[in-house]
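Q: how does the following fold in three dimensions:
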Amino acid sequence: MTTITYRLYPTLLNVFDRYHKGYMDDTELINRINRVPVPKTLAQVKGASFEEAVIKGTGEEAFDPEILQKVRMLLPRPMIKTQVYCEYQLDKVLLYGYVDVIGKLLAVDIKTTSAYRPGCFARSHQNFYLPALRSKGIRTLRYVITDFKAVFQEDYDQSVDFSFQEAQIRLFCEFLEANRSRITDARIFSA
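A: Got it, this is the predicted structure:
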């Protein structure tokens, strides 16, 4: 197996996607790479609270019971484990992260948004959880998404095309090398 040079996680790669589209500048991206603390937005806090309500039942009273029920109906039965660590090696890159819930054949990641667009997770770097979880029997990754008015789902199977994500990872690695002197998070580069 190839030696690991970079350790990356999907959220960081999705941030690079935003940078690549022109939604942020070099300094903002470098700060995200270096894990410079940024106050959580109200939307982020609400999203984390919603996930806790769905999975653990804590703070349910803050959310519409019908939305909670619809989301729970899309979770795997039985739920085998929550917050499951995943890692997958792609050439010199170790991709790692956590998926919210796994069942016997299905993994689920819960998302909240203010405006849902169908198919918006097709190019998500979290889709690498699929090959990472193949050995655990996972065949499908489901995104369960709510805007707190309705519930949506996107399902991806083991045949998902990663060519976009792979190209973006190569571009990100080039960015990391070009900016190595500005990167202080030692976890990004494997020693």
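
Q: how near is the residue most central in space within the chain to residue 58?
A: The residue lying closest to the centre of the chain (C-alpha atoms, centre = their mean) is residue 126, at 4.1 Å. From residue 126 across to residue 58, the span is 24 Å (C-beta to C-beta, to the nearest Å). Using the backbone N, CA and C atoms, a C-beta is placed for each residue, glycine as well.

Q: next up, the contacts around residue 101.
A: 55, 75-76, 79, 81-82, 84, 107-110 (C-beta atoms under 8 Å, 6 or more residues apart in numbering).

Q: quick one, phi/psi of it?
A: Dihedral pair for residue 101: phi -150, psi 140, per degrees, to the nearest 10.

Q: quick one: the helices in the protein?
A: Assigned by DSSP state H, the chain shows helices spanning 10-20, 26-33, 42-56, 65-73, 129-133, 163-178.

Q: highest average neighbour count across the ones you listed?
A: helix 129-133 (a mean of 22; mean count of other C-beta atoms under 10 Å).

Q: so what touches it?
A: Residues contacting helix 129-133 (C-beta under 8 Å, 6+ apart): 10, 84, 86-88, 95, 97, 99, 102, 107, 109, 138, 141, 156-158, 160.

Q: list the contacts for the closest residue to residue 148 other than its chain neighbours?
A: Spatial nearest neighbour of residue 148, chain neighbours left out: residue 67 (6.2 Å); criterion: C-beta to C-beta, 6 or more residues apart in numbering. Each residue near residue 67 by C-beta under 8 Å, 6+ apart is listed here: 146, 148-151.

Q: state the distance from residue 67 to residue 19.
A: Taking C-beta to C-beta, one finds residue 67 at 32 Å from residue 19.

Q: among the contacts of helix 129-133, which are located in strands?
A: 84, 86-88, 95, 97, 99, 102, 107, 109, 141, 156-157 (DSSP state E).

Q: report the beta-bridge partners for residue 6.
A: When bridges are called by DSSP bridges, residue 6 pairs up with residue 93, residue 189.

Q: verify the stated contact: it with residue 185.
A: No - Residue 6 lies out of contact with residue 185 (C-beta atoms under 8 Å); the separation is 11.4 Å.

Q: show me which of those two is the more surrounded one.
A: It is residue 6, of residue 6 and residue 185, that has more neighbours when counted by other C-beta atoms under 10 Å, with 19 against 14.
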